[in-house]
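[1] Quick one: sequence and predicted model below, then my questions.
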Amino acid sequence: MAHAMVQQWSLTNNMSIEVVSRGIRANAGDPTTAEALLVLAKAQIKWQGTSQQLSVTDLNWADYVWGMTHEHLDFAINLGAERGATVKQQTLPNYQLLAGASELLDPLNAGLAAYEKLFCSLQELLPNRLAAIQKPLEA
C-alpha cells in the first residue's frame, strides 16, 4: 500500500523517487491484499503489486529503509550484518521507523479497518519523508 501511495505522490508532485516495498515474511509473488486494494481504490490509486521478501540486493540498492515496526528494522539490520561482505559499510542504508519513534500496526489479517487506519497514517507520514529526499523530474 505504501509503495502505491509513494508512486502516486511522486507523480502528483512531479518528482522522481525510486521505491521498492518488501516484507520480512512475504511470500514472493502473493498479490496485494483485497483490503489494501479496496482502500487504495477509494483514494483513486490504481495498483497491481505482488509481495517480495527483503534481500541483501535491496539493502545494497537502498539509501533509506523505513520499517513499520522495530521487528522490521531489526530484520533488515540483521540481514545486512549477516551478509556484511556484500553490503559495503560506506553504502549502508539509513534505517528508520517510518513513524519516527512510533511503530505502525501491520494490518495483515487485521481487517479492513486496520488498512484504513494505516492508510490515514501513511497519508500524513509519507509526504514528509518523501519531501526530504525528493528529486525533481528532469525536463
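    Arrived safely.
[2] Look up the pLDDT of the most centrally placed residue in the chain for me, please.
    When CA atoms, centre = their mean is applied to the chain, the residue found nearest the centroid is Ser21 (4.4 Å). As predicted, Ser21 sits at a pLDDT of 92.
[3] Would you enumerate the residues in contact with it?
    Taking CB atoms under 8 Å, 6 or more residues apart in numbering as the contact definition, Ser21 lies against 2-3, 49, 52. Quick note: C-beta positions are derived from backbone N, CA and C, even for glycine.
[4] Which one of the residues you listed sits in the busiest neighbourhood?
    Most neighbours among these, by other CB atoms under 10 Å: Ala2, with 20 neighbours.
[5] Can you verify Leu40 is assigned to a strand?
    No. Remark: Leu40 does not belong to a strand; assigned using DSSP: H, G, I helix; E, B strand; the rest coil, it is helix.
[6] Can you give me the buried ones in the longest helix anywhere in the chain?
    In the chain, assigned by DSSP state H, the helix with the most residues is helix 112-133. Of the residues in helix 112-133, 114-115, 117-119, 121-122, 125-127, 129-130 count as buried by neighbour count, 16 or more other CB atoms under 10 Å.
[7] Let's have those in JSON lines, adding distance to Asn13 and pLDDT.
    Putting the buried residues of helix 112-133 into JSON lines (distance: CB to CB, whole Å; pLDDT from 0 to 100) gives the following:
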{"residue": "Ala114", "distance to Asn13": "27", "pLDDT": "97"}
{"residue": "Tyr115", "distance to Asn13": "24", "pLDDT": "97"}
{"residue": "Lys117", "distance to Asn13": "24", "pLDDT": "97"}
{"residue": "Leu118", "distance to Asn13": "21", "pLDDT": "97"}
{"residue": "Phe119", "distance to Asn13": "18", "pLDDT": "97"}
{"residue": "Ser121", "distance to Asn13": "19", "pLDDT": "96"}
{"residue": "Leu122", "distance to Asn13": "15", "pLDDT": "96"}
{"residue": "Leu125", "distance to Asn13": "15", "pLDDT": "95"}
{"residue": "Leu126", "distance to Asn13": "11", "pLDDT": "94"}
{"residue": "Pro127", "distance to Asn13": "8", "pLDDT": "92"}
{"residue": "Arg129", "distance to Asn13": "13", "pLDDT": "90"}
{"residue": "Leu130", "distance to Asn13": "8", "pLDDT": "88"}
